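Colleague: Generate a structure from the sequence data that follows.
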Amino acid sequence: MTPAPAFPPLVAESGPLSPTEAARYARHMTLPQVGAAGQRRLKNARVLVVGAGGLGSPALLYLAAAGIGTLGVVDDDVVDESNLQRQVVHRTRDVGRPKVESARDAVLELNPHVDVRVHPVRLTADNALDVLRGYDLVLDGADNFSTRYLVSDACTILGIPEVWGSIFRFQGQTSVFWSSPPEGFPAVTYRDLFPDPPPPGSVPSCAEGGVLGALCATVGSVMVTEALKIVTGAGTPLLGRLAVYDALDLTWRQLEIEPDPGLERVTTLAAVDASCALPVQESAPASTAPDEITPARLAADLDRGTLLLVDVREDFERDIVSVPGSTHVPLGTLLDGGLADLPRDRPVAFLCKSGARSRTAVDAARAAGLTDAVTVTGGVLAWVRDVDPTQPTY
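Modeller: Take a look at the predicted model:
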(Lines give C-alpha, C1' and ligand atoms only; values in the text may rest on other atoms or scores of the structure.)
Protein backbone atom coordinates (compact mmCIF):
# COMPACT_ATOMS: atom_id res chain seq x y z
CA MET A 1 0.00 0.00 0.00
CA THR A 2 1.43 3.36 -1.04
CA PRO A 3 1.88 5.63 1.96
CA ALA A 4 -0.09 8.87 1.96
CA PRO A 5 1.89 11.96 1.02
CA ALA A 6 2.83 14.45 3.69
CA PHE A 7 -0.07 16.75 4.49
CA PRO A 8 0.93 20.40 4.05
CA PRO A 9 0.00 22.94 6.73
CA LEU A 10 -3.21 24.81 5.96
CA VAL A 11 -2.21 28.12 7.53
CA ALA A 12 0.91 30.29 7.30
CA GLU A 13 2.82 31.21 10.45
CA SER A 14 1.99 34.31 12.44
CA GLY A 15 4.55 36.67 13.87
CA PRO A 16 6.52 35.77 16.99
CA LEU A 17 4.67 34.59 20.07
CA SER A 18 4.76 36.78 23.14
CA PRO A 19 6.55 35.43 26.23
CA THR A 20 3.14 34.86 27.85
CA GLU A 21 1.92 32.89 24.84
CA ALA A 22 5.14 30.87 24.69
CA ALA A 23 4.70 29.90 28.34
CA ARG A 24 1.03 29.02 27.84
CA TYR A 25 1.66 26.75 24.83
CA ALA A 26 4.96 25.25 25.98
CA ARG A 27 3.61 21.67 26.01
CA HIS A 28 2.55 22.06 22.39
CA MET A 29 5.86 23.48 21.27
CA THR A 30 7.80 20.58 22.77
CA LEU A 31 6.01 18.27 20.31
CA PRO A 32 8.23 17.85 17.24
CA GLN A 33 5.17 17.67 14.97
CA VAL A 34 3.95 21.07 16.21
CA GLY A 35 6.88 23.10 17.54
CA ALA A 36 7.02 26.88 17.60
CA ALA A 37 6.17 27.06 13.89
CA GLY A 38 3.02 25.00 14.36
CA GLN A 39 1.94 27.11 17.30
CA ARG A 40 2.34 30.24 15.21
CA ARG A 41 0.13 28.63 12.56
CA LEU A 42 -2.53 27.96 15.21
CA LYS A 43 -2.33 31.59 16.26
CA ASN A 44 -2.83 32.67 12.66
CA ALA A 45 -5.75 30.26 12.04
CA ARG A 46 -9.38 31.32 11.68
CA VAL A 47 -11.74 28.49 12.65
CA LEU A 48 -15.54 28.57 12.65
CA VAL A 49 -17.54 26.23 14.90
CA VAL A 50 -21.11 25.59 13.75
CA GLY A 51 -23.25 24.99 16.80
CA ALA A 52 -22.45 25.78 20.44
CA GLY A 53 -24.13 22.57 21.59
CA GLY A 54 -22.96 19.08 22.48
CA LEU A 55 -20.07 18.86 19.99
CA GLY A 56 -19.42 22.58 19.72
CA SER A 57 -18.92 22.94 23.48
CA PRO A 58 -15.79 20.79 23.89
CA ALA A 59 -14.57 21.88 20.46
CA LEU A 60 -14.69 25.55 21.38
CA LEU A 61 -12.89 25.00 24.66
CA TYR A 62 -10.11 22.86 23.22
CA LEU A 63 -9.62 25.07 20.17
CA ALA A 64 -9.30 28.06 22.48
CA ALA A 65 -6.92 26.23 24.80
CA ALA A 66 -4.82 25.19 21.80
CA GLY A 67 -4.31 28.82 20.81
CA ILE A 68 -6.47 29.22 17.70
CA GLY A 69 -6.14 32.93 17.01
CA THR A 70 -9.61 33.64 15.62
CA LEU A 71 -12.50 31.50 16.75
CA GLY A 72 -16.00 31.97 15.33
CA VAL A 73 -19.18 30.43 16.66
CA VAL A 74 -22.57 30.38 14.95
CA ASP A 75 -25.77 29.46 16.80
CA ASP A 76 -29.19 31.11 17.07
CA ASP A 77 -30.35 29.21 20.17
CA VAL A 78 -30.43 30.09 23.86
CA VAL A 79 -29.14 27.97 26.73
CA ASP A 80 -31.75 25.62 28.19
CA GLU A 81 -31.41 23.69 31.41
CA SER A 82 -31.61 20.40 29.49
CA ASN A 83 -28.44 21.44 27.60
CA LEU A 84 -26.25 21.39 30.70
CA GLN A 85 -26.03 17.59 30.79
CA ARG A 86 -23.60 17.68 27.86
CA GLN A 87 -22.97 21.26 26.62
CA VAL A 88 -20.05 22.00 28.94
CA VAL A 89 -19.22 25.43 27.56
CA HIS A 90 -22.33 26.76 29.33
CA ARG A 91 -23.07 27.12 33.05
CA THR A 92 -26.25 27.14 35.11
CA ARG A 93 -26.07 30.92 35.31
CA ASP A 94 -26.23 31.04 31.48
CA VAL A 95 -29.71 29.51 31.19
CA GLY A 96 -31.76 31.82 28.99
CA ARG A 97 -28.74 33.55 27.44
CA PRO A 98 -27.83 33.28 23.74
CA LYS A 99 -25.45 30.36 23.34
CA VAL A 100 -22.96 32.39 21.33
CA GLU A 101 -22.63 34.90 24.18
CA SER A 102 -22.23 32.21 26.81
CA ALA A 103 -19.65 30.41 24.65
CA ARG A 104 -17.75 33.64 23.97
CA ASP A 105 -17.46 34.41 27.69
CA ALA A 106 -16.25 30.88 28.49
CA VAL A 107 -13.64 30.97 25.72
CA LEU A 108 -12.26 34.34 26.79
CA GLU A 109 -12.16 33.25 30.42
CA LEU A 110 -10.09 30.25 29.35
CA ASN A 111 -7.82 32.10 26.91
CA PRO A 112 -7.91 35.90 26.55
CA HIS A 113 -5.54 35.71 23.58
CA VAL A 114 -8.34 34.40 21.33
CA ASP A 115 -10.33 36.74 19.09
CA VAL A 116 -13.91 35.44 19.38
CA ARG A 117 -16.44 36.29 16.67
CA VAL A 118 -20.10 35.50 17.34
CA HIS A 119 -22.76 34.84 14.71
CA PRO A 120 -26.15 34.69 16.52
CA VAL A 121 -28.00 33.46 13.42
CA ARG A 122 -29.43 30.29 11.94
CA LEU A 123 -27.51 29.37 8.83
CA THR A 124 -29.60 29.61 5.66
CA ALA A 125 -28.97 29.43 1.95
CA ASP A 126 -29.00 33.24 1.96
CA ASN A 127 -26.36 33.84 4.64
CA ALA A 128 -24.16 30.71 4.86
CA LEU A 129 -21.55 31.83 2.32
CA ASP A 130 -21.19 35.21 4.00
CA VAL A 131 -20.79 33.64 7.45
CA LEU A 132 -18.25 30.99 6.36
CA ARG A 133 -16.26 33.22 4.04
CA GLY A 134 -13.06 34.43 5.68
CA TYR A 135 -12.49 31.35 7.81
CA ASP A 136 -9.73 28.83 7.06
CA LEU A 137 -11.55 25.78 8.42
CA VAL A 138 -15.03 24.84 9.67
CA LEU A 139 -16.02 22.41 12.43
CA ASP A 140 -19.60 21.26 11.91
CA GLY A 141 -21.29 20.16 15.12
CA ALA A 142 -24.84 20.85 13.90
CA ASP A 143 -27.65 18.72 15.30
CA ASN A 144 -29.84 18.58 12.19
CA PHE A 145 -29.49 17.41 8.61
CA SER A 146 -30.57 20.68 7.02
CA THR A 147 -27.63 22.55 8.52
CA ARG A 148 -25.18 19.73 7.83
CA TYR A 149 -25.94 19.75 4.11
CA LEU A 150 -25.89 23.54 4.05
CA VAL A 151 -22.47 23.72 5.75
CA SER A 152 -21.03 21.05 3.49
CA ASP A 153 -22.33 22.73 0.34
CA ALA A 154 -21.01 26.13 1.46
CA CYS A 155 -17.60 24.62 2.22
CA THR A 156 -17.61 22.94 -1.19
CA ILE A 157 -18.30 26.21 -2.97
CA LEU A 158 -15.71 28.14 -0.93
CA GLY A 159 -13.10 25.34 -1.00
CA ILE A 160 -12.84 25.29 2.81
CA PRO A 161 -11.94 22.07 4.66
CA GLU A 162 -14.66 20.80 7.00
CA VAL A 163 -14.32 18.65 10.10
CA TRP A 164 -17.67 16.98 10.68
CA GLY A 165 -19.04 15.09 13.65
CA SER A 166 -22.31 13.48 14.66
CA ILE A 167 -23.57 11.84 17.86
CA PHE A 168 -26.64 9.81 18.80
CA ARG A 169 -27.29 7.85 21.97
CA PHE A 170 -24.00 5.95 22.53
CA GLN A 171 -22.50 6.26 19.05
CA GLY A 172 -20.51 8.93 17.27
CA GLN A 173 -19.05 9.53 13.82
CA THR A 174 -16.47 11.97 12.53
CA SER A 175 -14.65 12.67 9.28
CA VAL A 176 -12.94 15.38 7.26
CA PHE A 177 -14.38 16.68 4.00
CA TRP A 178 -12.65 18.94 1.48
CA SER A 179 -13.63 19.63 -2.11
CA SER A 180 -10.19 21.08 -2.96
CA PRO A 181 -7.64 19.11 -0.92
CA PRO A 182 -3.86 19.03 -1.42
CA GLU A 183 -2.59 16.87 -4.26
CA GLY A 184 -2.65 13.19 -3.43
CA PHE A 185 -5.68 13.35 -1.13
CA PRO A 186 -9.29 12.45 -2.09
CA ALA A 187 -11.75 15.27 -2.74
CA VAL A 188 -14.67 13.99 -0.66
CA THR A 189 -17.63 15.89 0.70
CA TYR A 190 -20.52 15.13 3.05
CA ARG A 191 -22.66 14.31 0.01
CA ASP A 192 -20.25 11.54 -0.98
CA LEU A 193 -21.09 9.89 2.33
CA PHE A 194 -24.77 10.87 2.49
CA PRO A 195 -25.97 11.87 -1.02
CA ASP A 196 -29.52 12.63 0.12
CA PRO A 197 -31.19 13.48 3.44
CA PRO A 198 -33.24 10.72 5.10
CA PRO A 199 -36.98 10.59 4.41
CA PRO A 200 -39.27 12.54 6.73
CA GLY A 201 -40.02 10.81 10.03
CA SER A 202 -37.27 8.21 9.70
CA VAL A 203 -34.71 9.71 12.09
CA PRO A 204 -35.47 10.98 15.61
CA SER A 205 -33.68 14.03 16.95
CA CYS A 206 -31.20 13.75 19.82
CA ALA A 207 -33.87 15.29 22.03
CA GLU A 208 -36.15 12.32 21.33
CA GLY A 209 -33.50 9.59 21.10
CA GLY A 210 -31.15 10.84 23.81
CA VAL A 211 -27.37 11.13 23.87
CA LEU A 212 -24.74 10.22 26.45
CA GLY A 213 -23.25 13.51 27.61
CA ALA A 214 -19.66 12.29 27.81
CA LEU A 215 -19.88 11.06 24.21
CA CYS A 216 -19.81 14.72 23.14
CA ALA A 217 -16.38 15.14 24.72
CA THR A 218 -15.02 12.04 22.97
CA VAL A 219 -16.16 12.96 19.48
CA GLY A 220 -15.67 16.71 19.95
CA SER A 221 -12.06 16.28 21.04
CA VAL A 222 -11.34 14.07 18.02
CA MET A 223 -12.77 16.79 15.79
CA VAL A 224 -10.42 19.33 17.39
CA THR A 225 -7.48 16.98 16.96
CA GLU A 226 -8.26 16.74 13.24
CA ALA A 227 -8.53 20.52 12.99
CA LEU A 228 -5.16 21.06 14.68
CA LYS A 229 -3.54 18.47 12.40
CA ILE A 230 -4.90 20.20 9.31
CA VAL A 231 -3.77 23.65 10.45
CA THR A 232 -0.26 22.55 11.41
CA GLY A 233 0.32 19.76 8.89
CA ALA A 234 0.91 17.18 11.64
CA GLY A 235 -0.01 13.60 10.79
CA THR A 236 -2.66 12.47 8.31
CA PRO A 237 -6.23 13.78 8.65
CA LEU A 238 -9.40 11.71 8.32
CA LEU A 239 -9.88 12.87 4.75
CA GLY A 240 -11.50 9.99 2.86
CA ARG A 241 -12.10 8.03 6.07
CA LEU A 242 -15.06 7.81 8.44
CA ALA A 243 -14.32 7.04 12.09
CA VAL A 244 -17.21 5.35 13.94
CA TYR A 245 -17.21 5.16 17.73
CA ASP A 246 -19.35 2.87 19.93
CA ALA A 247 -19.16 3.93 23.57
CA LEU A 248 -20.95 0.82 24.89
CA ASP A 249 -18.35 -1.53 23.36
CA LEU A 250 -15.56 1.06 23.45
CA THR A 251 -14.63 0.41 19.84
CA TRP A 252 -13.47 2.55 16.93
CA ARG A 253 -13.95 1.47 13.33
CA GLN A 254 -12.81 3.17 10.15
CA LEU A 255 -14.55 3.07 6.79
CA GLU A 256 -13.16 4.33 3.52
CA ILE A 257 -15.06 7.09 1.70
CA GLU A 258 -14.61 7.32 -2.04
CA PRO A 259 -15.59 10.34 -4.14
CA ASP A 260 -18.78 9.57 -6.06
CA PRO A 261 -17.95 10.06 -9.76
CA GLY A 262 -21.64 10.54 -10.53
CA LEU A 263 -22.14 13.25 -7.94
CA GLU A 264 -22.56 16.66 -9.50
CA ARG A 265 -20.48 19.24 -7.66
CA VAL A 266 -22.47 21.86 -5.80
CA THR A 267 -22.09 25.36 -7.22
CA THR A 268 -25.02 27.19 -5.62
CA LEU A 269 -26.67 27.01 -2.23
CA ALA A 270 -30.24 25.87 -1.79
CA ALA A 271 -32.28 25.04 1.29
CA VAL A 272 -32.35 21.33 2.11
CA ASP A 273 -35.67 19.90 3.30
CA ALA A 274 -34.65 17.58 6.12
CA SER A 275 -37.41 18.20 8.60
CA CYS A 276 -37.14 14.61 9.76
CA ALA A 277 -34.38 15.63 12.13
CA LEU A 278 -35.93 18.86 13.35
CA PRO A 279 -38.44 19.20 16.18
CA VAL A 280 -41.86 20.56 15.45
CA GLN A 281 -41.76 24.34 15.84
CA GLU A 282 -43.59 25.29 19.01
CA SER A 283 -44.88 28.45 17.37
CA ALA A 284 -46.58 26.58 14.55
CA PRO A 285 -50.25 27.51 14.16
CA ALA A 286 -52.89 25.04 15.25
CA SER A 287 -53.86 22.69 12.46
CA THR A 288 -57.41 21.81 11.52
CA ALA A 289 -56.48 18.63 9.62
CA PRO A 290 -58.91 15.76 10.32
CA ASP A 291 -56.17 13.57 11.81
CA GLU A 292 -54.84 16.25 14.20
CA ILE A 293 -56.06 17.76 17.45
CA THR A 294 -54.80 20.83 19.30
CA PRO A 295 -53.80 20.63 22.97
CA ALA A 296 -56.70 22.94 23.92
CA ARG A 297 -59.22 20.70 22.15
CA LEU A 298 -57.58 17.66 23.73
CA ALA A 299 -58.03 19.14 27.21
CA ALA A 300 -61.74 19.69 26.58
CA ASP A 301 -62.25 16.17 25.21
CA LEU A 302 -60.39 14.63 28.16
CA ASP A 303 -62.66 16.49 30.57
CA ARG A 304 -65.69 15.07 28.76
CA GLY A 305 -64.17 11.58 28.56
CA THR A 306 -64.86 11.37 24.83
CA LEU A 307 -61.48 10.01 23.70
CA LEU A 308 -58.55 7.86 24.78
CA LEU A 309 -55.13 9.56 24.99
CA VAL A 310 -52.19 7.23 24.28
CA ASP A 311 -48.72 8.48 25.16
CA VAL A 312 -46.19 6.77 22.86
CA ARG A 313 -43.06 8.14 24.56
CA GLU A 314 -40.60 6.18 26.69
CA ASP A 315 -40.79 5.71 30.46
CA PHE A 316 -38.11 8.25 31.29
CA GLU A 317 -39.94 10.93 29.32
CA ARG A 318 -43.17 10.39 31.25
CA ASP A 319 -41.18 10.62 34.47
CA ILE A 320 -40.35 14.22 33.50
CA VAL A 321 -43.81 15.30 32.33
CA SER A 322 -47.07 13.58 31.42
CA VAL A 323 -50.69 14.44 30.70
CA PRO A 324 -53.10 13.28 33.44
CA GLY A 325 -55.41 10.51 32.27
CA SER A 326 -53.14 9.30 29.46
CA THR A 327 -52.46 5.64 28.75
CA HIS A 328 -48.85 4.65 28.18
CA VAL A 329 -48.00 2.48 25.17
CA PRO A 330 -44.45 3.07 23.83
CA LEU A 331 -44.31 3.44 20.07
CA GLY A 332 -42.28 0.25 19.62
CA THR A 333 -44.88 -1.75 21.55
CA LEU A 334 -47.70 -0.09 19.67
CA LEU A 335 -46.25 -0.99 16.28
CA ASP A 336 -45.45 -4.52 17.43
CA GLY A 337 -49.04 -5.66 17.90
CA GLY A 338 -50.19 -3.07 20.41
CA LEU A 339 -52.72 -1.54 18.04
CA ALA A 340 -54.96 -4.56 18.45
CA ASP A 341 -55.58 -3.67 22.10
CA LEU A 342 -56.91 -0.17 21.39
CA PRO A 343 -60.68 0.47 21.53
CA ARG A 344 -62.75 0.93 18.39
CA ASP A 345 -65.71 2.64 20.06
CA ARG A 346 -64.16 6.08 20.57
CA PRO A 347 -61.44 8.26 19.04
CA VAL A 348 -57.83 7.67 20.03
CA ALA A 349 -55.36 10.55 20.31
CA PHE A 350 -51.62 9.85 20.19
CA LEU A 351 -49.11 12.01 22.04
CA CYS A 352 -45.29 12.22 21.95
CA LYS A 353 -42.77 14.94 22.71
CA SER A 354 -43.24 17.19 19.68
CA GLY A 355 -45.37 15.33 17.14
CA ALA A 356 -43.09 13.11 15.03
CA ARG A 357 -43.65 9.78 16.78
CA SER A 358 -47.36 10.39 17.28
CA ARG A 359 -47.67 11.01 13.54
CA THR A 360 -46.14 7.58 12.92
CA ALA A 361 -48.63 6.08 15.39
CA VAL A 362 -51.60 7.74 13.68
CA ASP A 363 -50.55 6.53 10.24
CA ALA A 364 -50.21 2.96 11.55
CA ALA A 365 -53.52 3.14 13.46
CA ARG A 366 -55.49 4.43 10.48
CA ALA A 367 -53.94 1.76 8.28
CA ALA A 368 -55.16 -0.80 10.87
CA GLY A 369 -58.73 0.51 10.72
CA LEU A 370 -58.79 3.09 13.54
CA THR A 371 -60.21 5.80 11.32
CA ASP A 372 -60.76 8.22 14.23
CA ALA A 373 -57.10 8.24 15.31
CA VAL A 374 -55.52 11.69 15.69
CA THR A 375 -52.17 13.16 16.67
CA VAL A 376 -51.74 15.92 19.23
CA THR A 377 -50.09 18.80 17.38
CA GLY A 378 -46.87 19.92 19.02
CA GLY A 379 -46.92 17.02 21.47
CA VAL A 380 -46.41 17.38 25.20
CA LEU A 381 -44.31 20.50 24.64
CA ALA A 382 -47.36 22.23 23.18
CA TRP A 383 -49.54 20.84 25.99
CA VAL A 384 -47.30 22.47 28.59
CA ARG A 385 -47.18 25.71 26.64
CA ASP A 386 -50.90 25.99 25.93
CA VAL A 387 -52.65 24.05 28.71
CA ASP A 388 -50.47 23.43 31.77
CA PRO A 389 -47.41 25.74 31.91
CA THR A 390 -46.70 24.62 35.51
CA GLN A 391 -45.28 21.36 34.21
CA PRO A 392 -41.59 20.99 33.19
CA THR A 393 -40.30 20.40 29.66
CA TYR A 394 -37.20 18.66 28.34
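
Colleague: Sketch out the low-pLDDT regions of the stretch 201-350 of the chain for me.
Modeller: In the predicted model, the stretch 201-350 of the chain carries pLDDT under 70 at residues 201-209, 273-289.

Colleague: In it, what residue spans correspond to strands?
Modeller: 241-246, 251-256, 292-293, 308-311, 327-328, 348-351 (DSSP state E, counting those that start in this stretch).

Colleague: count of residues packed around residue 312?
Modeller: For residue 312, the neighbour count with other C-beta atoms under 10 Å is 27. (C-beta placed from N, C-alpha, C; glycine too.)

Colleague: Report the contact partners of the closest residue to it other than its chain neighbours.
Modeller: Nearest non-adjacent residue to residue 312, counting by C-beta to C-beta, 6 or more residues apart in numbering: residue 331, 4.2 Å away. Neighbouring residues of residue 331 by C-beta atoms under 8 Å, 6 or more residues apart in numbering: 312, 313, 352, 357, 360, 361.

Colleague: Go again with 10 Å.
Modeller: Contact analysis of residue 331 by C-beta atoms under 10 Å, 6 or more residues apart in numbering lists 204, 310-314, 338, 350, 352, 356-358, 360-361, 364.

Colleague: Helices - which of those land there?
Modeller: 356, 357, 358, 360, 361, 364 (DSSP state H).

Colleague: So the fifth one is in contact with residue 335, correct?
Modeller: Yes. Using C-beta atoms under 10 Å, residue 361 is in contact with residue 335, at 7.7 Å.

Colleague: Compare those two (neighbour count), which wins?
Modeller: Just comparing residue 361 and residue 335: by other C-beta under 10 Å the higher neighbour count belongs to residue 361, 25 against 15.

Colleague: The more buried one and residue 104, how far apart?
Modeller: 42 Å (C-beta to C-beta, to the nearest Å).

Colleague: what's the answer for residue 138, then?
Modeller: Residue 138 is 18 Å from residue 104, by C-beta to C-beta.

Colleague: Compare the two and say which is more crowded by neighbours.
Modeller: Taking neighbours as other C-beta under 10 Å, residue 138 and residue 104 compare with residue 138 leading, 25 against 20.

Colleague: Need the three-state assignment for the residue nearest to residue 122 when sequence neighbours are not counted.
Modeller: Nearest residue to residue 122 in three dimensions, chain neighbours excluded: residue 76, at 4.2 Å (C-beta to C-beta, 6+ apart). For residue 76, the secondary-structure state derived from DSSP: H, G, I helix; E, B strand; the rest coil is coil.

Colleague: OK, contacts around residue 76?
Modeller: 98, 99, 100, 119, 120, 121, 122, 123.

Colleague: Let's see if you can find the most crowded of the residues you listed.
Modeller: Going by other C-beta under 10 Å, residue 99 tops the contacts of residue 76 with 27 neighbours.

Colleague: before we move on, back to that, distance to residue 319 and mean neighbour count for the strands of the stretch 201-350 of the chain - can I get that in TSV?
Modeller: Shown next, in TSV, are the strands of the stretch 201-350 of the chain (distance: least, C-beta to C-beta, whole Å; neighbours: other C-beta atoms under 10 Å):
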stretch	distance to residue 319	mean neighbour count
strand 241-246	27	16
strand 251-256	31	10
strand 292-293	25	22
strand 308-311	12	22
strand 327-328	11	14
strand 348-351	15	26
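
Colleague: mind checking which of these is nearest residue 221?
Modeller: Evaluated over these, closeness to residue 221 peaks at strand 241-246, with 11.2 Å, by C-beta to C-beta.

Colleague: on contacts alone, who are the packing partners of that closest one?
Modeller: When contacts are defined as 3 or more C-beta pairs under 10 Å, 6 or more residues apart in numbering; DSSP states H and E, strand 241-246 sits against strand 162-168, strand 171-177, helix 213-232, strand 251-256.

Colleague: any chance of those in a markdown table, with distance to residue 191 too?
Modeller: Listed next are the helices and strands packed on strand 241-246 as a markdown table, based on distance: least, C-beta to C-beta, whole Å:
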| stretch | distance to residue 191 |
| --- | --- |
| strand 162-168 | 12 |
| strand 171-177 | 9 |
| helix 213-232 | 19 |
| strand 251-256 | 16 |
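
Colleague: Mind giving me the packing neighbours of the strand or helix carrying residue 40?
Modeller: When elements are assigned from DSSP states H and E, residue 40 belongs to helix 35-44. Helix 35-44 sits against helix 19-24, helix 26-29, helix 56-66, helix 213-232, with contacts defined as 3+ C-beta pairs under 10 Å, 6+ apart.

Colleague: what about residue 376, how many neighbours?
Modeller: When neighbours are counted by other C-beta under 10 Å, residue 376 registers 27.

Colleague: now the strands for the stretch 51-200 of the chain?
Modeller: All strands of the stretch 51-200 of the chain, identified by DSSP E, counting those that start in this stretch, fall at 70-74, 115-119, 137-140, 162-168, 171-177.

Colleague: Of those strands, flag the one that's most buried.
Modeller: strand 137-140 (a mean of 27; mean count of other C-beta atoms under 10 Å).

Colleague: Provide the strand pairings for it, with the direction of each partner.
Modeller: Note on strand 137-140: by DSSP bridges, its sheet partners are strand 46-50 (parallel), strand 162-168 (parallel).

Colleague: how far out from the middle of the chain is the shortest one?
Modeller: Chain-centre distance of strand 46-50: 15 Å, with C-alpha atoms, centre = their mean, to the nearest Å.

Colleague: again with stretch 374-382
Modeller: With C-alpha atoms, centre = their mean, you get 23 Å for stretch 374-382.

Colleague: what do you get for stretch 141-151?
Modeller: So, by C-alpha atoms, centre = their mean, the centroid of stretch 141-151 is 7 Å from its chain's centroid.

Colleague: Report the rounded mean pLDDT for it.
Modeller: Taken as a whole, stretch 141-151 has a mean pLDDT of 92.
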